[in-house]
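>>> model this:
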Amino acid sequence: MAAGGRQPQPRPGATVTALRAAWLLLALGPAAAEPGSPGPTRGRVRVLSAANWSLVLQGQWMVQFYAPWCPACQQTEAAWESFGKESELLDTTVGKVDVTQEPGLSGRFFVTTLPTIYHAKDGVFRRYRGSRTLEDLRGYILERKWEVVEPVPGWKSPSSIMMHGMAGLFHLSGWIRHIHSYFTGTLGIPVWGSYAIFILATLLIGLILGLILVLIADCLCPPKPRYRAETSVELIEKDNAELTAVEEVEEAEEFSANELEEDLEERKDVSDGEDGAKSSEEANSNEDGSEEDSALDEGSGTEETEDIQHPTDLETQSSVRQRKSQVADNGL
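Predicted coordinates for the structure are as follows:
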């Protein structure tokens, strides 16, 4: 208690500050009372992040992807906040995602332009392509215009495995951007030096991953040995095959030798037959010559000479000529 029995009076400024804090607490509701709860609200619009994005898979949602530096996003900010205030009447939860703070979510929803708006109904997503005025947004929900819009394919849905991978890639890109800012801003490394570090790190990681893939491939599909030791059974089979080949060659040589001998014998028989025919022809020619000699002695040489002038064989004709010359000599 102060001197003189007076109690300290509260300052007017402190009372106003306390009233403002109480009013703000009541206005924000449970989200302000529980700072750790997912999806805090700013006004009536729920801010989504990588930790609570799965809430979109339940119920009806309208989610806008924006960036603070985007002029078009700045123009639609007021209409989106007003749309969020009517979310309870429309039975729709309105949310927004800052792509500069949540690159993983922008990759999961494959956001390529800003602002991008998605409508979600029990996990089925549709891209909103209408006007961004409050009237059009309200009519899209009240008139159920989303029913005539083709849903996003299953493989492109934010809950698909492919979009999980895409979210990881976008998150990695954001992480690399933060590291680049740390190198250039905090450590003072030049930009080209930061790029050189990233290039070397990429090459090193690629080399390590390549070696790991090669080891895995060798374990799963080991290469066949180029040269291997032959077993005793294989050696025996190989020797038998070689012996069989040698025997076949010898048989072929013997067969060719026998054929050659038979051919020579046939030729010999033919030549002997020809010699016998020649000898018989000579004997016949000798007999003819003796008869001609006797005919010449009797004075009938002119007729025999005419008969001899038409032989059928060359050898006979030559022998006749010899006999004729002998006869002529004897006549002289």
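>>> how about the helices in this structure?
Assigned by DSSP state H, the helices in the chain fall at 12-28, 30-33, 71-85, 87-90, 103-108, 134-142, 161-181, 191-220, 232-297, 301-308, 314-331.
>>> can I get the third one as PDB, trimmed to CA atoms?
What follows is helix 71-85 as a C-alpha-only set of coordinates in PDB (Å, rounded to 0.1, in the frame of the first residue of the first chain):
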ATOM      1  CA  PRO A  71       0.900  -8.500 -58.700                       C
ATOM      2  CA  ALA A  72      -2.100 -10.600 -59.800                       C
ATOM      3  CA  CYS A  73      -2.100 -12.200 -56.300                       C
ATOM      4  CA  GLN A  74      -2.100  -8.800 -54.700                       C
ATOM      5  CA  GLN A  75      -5.100  -7.800 -56.800                       C
ATOM      6  CA  THR A  76      -7.200 -10.800 -55.800                       C
ATOM      7  CA  GLU A  77      -6.200 -10.800 -52.100                       C
ATOM      8  CA  ALA A  78      -9.200  -8.700 -51.000                       C
ATOM      9  CA  ALA A  79     -11.700 -10.800 -52.900                       C
ATOM     10  CA  TRP A  80     -10.200 -14.000 -51.500                       C
ATOM     11  CA  GLU A  81     -10.400 -12.700 -47.900                       C
ATOM     12  CA  SER A  82     -14.000 -11.700 -48.400                       C
ATOM     13  CA  PHE A  83     -14.600 -15.100 -49.900                       C
ATOM     14  CA  GLY A  84     -13.100 -16.700 -46.800                       C
ATOM     15  CA  LYS A  85     -15.500 -14.700 -44.600                       C
END
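>>> and Cys219, what does it touch?
By C-beta atoms under 8 Å, 6 or more residues apart in numbering, no residues touch Cys219. (Glycine included, C-beta is placed from N, CA and C.)
>>> from Leu213, how far out is it?
Here the criterion is C-beta to C-beta, to the nearest Å. By it, Cys219 lies 11 Å from Leu213.
>>> what of Gly107?
If you measure Gly107 against Leu213 using C-beta to C-beta, the figure is 25 Å.
>>> repeat for Glu265
If you go by C-beta to C-beta, the gap between Glu265 and Leu213 works out to 77 Å.
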